[in-house]
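In: here's my sequence, what's the structure:
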Amino acid sequence: MSHWCTLVPADRHGRTVHQVGLPVELGGQPVTMPPARFLVIEDGAEGSSVVRYADDGASAGDTWHPDHNQAVDQAAYEYGELSLLRVPVDEPDPVAWARSLPPSRFVLEPDSRRGDAPETAG
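Out: Numbers count the residues shown, from 1 in each chain. Presented below is the predicted three-dimensional model:
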(Lines give C-alpha, C1' and ligand atoms only; values in the text may rest on other atoms or scores of the structure.)
Protein backbone atom coordinates (compact mmCIF):
# COMPACT_ATOMS: atom_id res chain seq x y z
CA MET A 1 0.00 0.00 0.00
CA SER A 2 1.27 3.47 -0.79
CA HIS A 3 0.25 6.74 0.82
CA TRP A 4 0.18 10.31 -0.46
CA CYS A 5 -0.63 13.32 1.68
CA THR A 6 -1.43 16.98 1.40
CA LEU A 7 -2.27 19.94 3.56
CA VAL A 8 -5.59 21.67 2.86
CA PRO A 9 -4.90 25.42 2.99
CA ALA A 10 -6.64 27.05 5.96
CA ASP A 11 -8.61 29.36 3.67
CA ARG A 12 -10.18 26.46 1.71
CA HIS A 13 -13.38 24.85 2.80
CA GLY A 14 -14.56 21.63 1.20
CA ARG A 15 -17.41 21.59 -1.28
CA THR A 16 -18.93 18.60 0.48
CA VAL A 17 -20.03 17.93 4.05
CA HIS A 18 -18.98 14.67 5.67
CA GLN A 19 -21.17 13.20 8.38
CA VAL A 20 -21.13 10.15 10.61
CA GLY A 21 -24.22 8.23 11.67
CA LEU A 22 -27.44 7.08 10.05
CA PRO A 23 -29.31 9.59 7.90
CA VAL A 24 -32.41 11.27 9.32
CA GLU A 25 -34.55 9.30 6.83
CA LEU A 26 -33.50 6.11 8.62
CA GLY A 27 -34.15 7.49 12.09
CA GLY A 28 -30.60 8.64 12.74
CA GLN A 29 -29.09 11.88 13.91
CA PRO A 30 -25.99 12.35 11.76
CA VAL A 31 -23.19 14.46 13.16
CA THR A 32 -21.15 16.72 10.89
CA MET A 33 -17.46 15.87 10.99
CA PRO A 34 -14.80 18.55 11.52
CA PRO A 35 -13.29 20.33 8.51
CA ALA A 36 -10.38 18.55 6.87
CA ARG A 37 -6.88 19.98 7.21
CA PHE A 38 -4.88 16.97 5.99
CA LEU A 39 -5.76 14.45 3.30
CA VAL A 40 -4.16 11.05 2.88
CA ILE A 41 -4.70 9.08 -0.29
CA GLU A 42 -4.24 5.39 0.42
CA ASP A 43 -3.59 3.30 -2.69
CA GLY A 44 -4.15 -0.42 -2.35
CA ALA A 45 -4.97 -3.48 -4.42
CA GLU A 46 -8.72 -2.90 -4.08
CA GLY A 47 -8.70 0.81 -4.98
CA SER A 48 -7.85 4.10 -3.33
CA SER A 49 -9.32 6.06 -0.45
CA VAL A 50 -9.26 9.73 0.38
CA VAL A 51 -8.99 9.86 4.16
CA ARG A 52 -9.54 13.27 5.73
CA TYR A 53 -8.19 14.46 9.07
CA ALA A 54 -8.91 17.58 11.09
CA ASP A 55 -6.13 19.88 12.25
CA ASP A 56 -5.89 17.94 15.53
CA GLY A 57 -5.68 14.59 13.72
CA ALA A 58 -9.31 13.59 14.37
CA SER A 59 -11.17 11.78 11.59
CA ALA A 60 -12.93 14.11 9.16
CA GLY A 61 -14.37 11.50 6.77
CA ASP A 62 -13.24 9.15 4.04
CA THR A 63 -14.33 8.05 0.59
CA TRP A 64 -13.38 5.02 -1.52
CA HIS A 65 -12.48 5.28 -5.22
CA PRO A 66 -11.63 2.66 -7.88
CA ASP A 67 -8.14 4.09 -8.48
CA HIS A 68 -5.60 6.76 -7.54
CA ASN A 69 -6.62 9.22 -10.25
CA GLN A 70 -10.27 9.17 -9.23
CA ALA A 71 -9.28 9.71 -5.59
CA VAL A 72 -7.16 12.70 -6.62
CA ASP A 73 -10.03 14.04 -8.74
CA GLN A 74 -12.37 13.83 -5.72
CA ALA A 75 -9.87 15.68 -3.52
CA ALA A 76 -9.47 18.36 -6.21
CA TYR A 77 -13.26 18.66 -6.58
CA GLU A 78 -13.65 19.20 -2.85
CA TYR A 79 -10.63 21.41 -2.12
CA GLY A 80 -9.19 22.66 -5.42
CA GLU A 81 -5.78 21.80 -6.79
CA LEU A 82 -3.53 20.33 -4.13
CA SER A 83 0.09 19.23 -4.00
CA LEU A 84 0.56 15.58 -3.06
CA LEU A 85 3.67 14.30 -1.33
CA ARG A 86 4.52 10.62 -1.26
CA VAL A 87 4.77 9.37 2.31
CA PRO A 88 7.96 7.35 2.92
CA VAL A 89 7.21 3.61 2.77
CA ASP A 90 8.67 3.03 6.24
CA GLU A 91 6.53 5.79 7.83
CA PRO A 92 3.98 4.12 10.15
CA ASP A 93 1.75 7.21 10.57
CA PRO A 94 1.15 9.26 7.41
CA VAL A 95 -0.84 11.91 9.29
CA ALA A 96 1.83 12.47 11.94
CA TRP A 97 4.41 12.67 9.14
CA ALA A 98 2.35 15.25 7.25
CA ARG A 99 1.66 17.26 10.41
CA SER A 100 5.40 17.41 11.12
CA LEU A 101 6.18 19.13 7.81
CA PRO A 102 6.19 22.90 7.33
CA PRO A 103 3.28 24.19 5.18
CA SER A 104 5.80 25.36 2.58
CA ARG A 105 6.41 21.69 1.64
CA PHE A 106 2.87 21.54 0.25
CA VAL A 107 3.25 24.28 -2.36
CA LEU A 108 1.70 23.19 -5.65
CA GLU A 109 4.38 22.51 -8.24
CA PRO A 110 4.43 20.75 -11.63
CA ASP A 111 3.98 16.98 -11.33
CA SER A 112 2.77 17.22 -7.73
CA ARG A 113 -1.00 17.28 -8.33
CA ARG A 114 -1.48 13.62 -9.17
CA GLY A 115 1.32 12.35 -7.02
CA ASP A 116 3.13 11.22 -10.15
CA ALA A 117 6.89 10.98 -10.25
CA PRO A 118 8.29 13.49 -12.74
CA GLU A 119 9.14 11.96 -16.09
CA THR A 120 12.81 11.68 -16.86
CA ALA A 121 14.48 11.81 -20.22
CA GLY A 122 16.29 8.73 -21.13
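
In: confidence score at the residue nearest the centre of the chain?
Out: Ranked by distance to the mean C-alpha position of the chain (C-alpha atoms, centre = their mean), the top residue is Leu39 at 2.3 Å. As predicted, Leu39 sits at a pLDDT of 95.

In: buried stuff in the helix or strand hosting it?
Out: Leu39 is part of strand 38-44, with elements assigned from DSSP states H and E. Neighbour counts over strand 38-44 (16 or more other C-beta atoms under 10 Å) mark 38-43 as buried. Where C-beta positions appear, they are placed from N, C-alpha and C, glycine not excepted.

In: tell me what angle the helix or strand that it is followed by forms with strand 38-44.
Out: For strand 38-44, the succeeding helix or strand toward the C-terminus, using DSSP H and E, is strand 47-53. Angle, strand 47-53 to strand 38-44, by axes from the mean of the first three to the mean of the last three C-alpha atoms, to 10 degrees: 160 degrees.

In: name the residues that touch the helix or strand that strand 47-53 is followed by?
Out: As assigned by DSSP H and E, the chain's next helix or strand after strand 47-53 is strand 59-65. Strand 59-65 has contacts (C-beta atoms under 8 Å, 6 or more residues apart in numbering) with 18-20, 33-37, 47-54, 71, 74.

In: chain center to stretch 94-104: distance?
Out: Between the centre of stretch 94-104 and the centre of its chain there are 13 Å (C-alpha atoms, centre = their mean, to the nearest Å).
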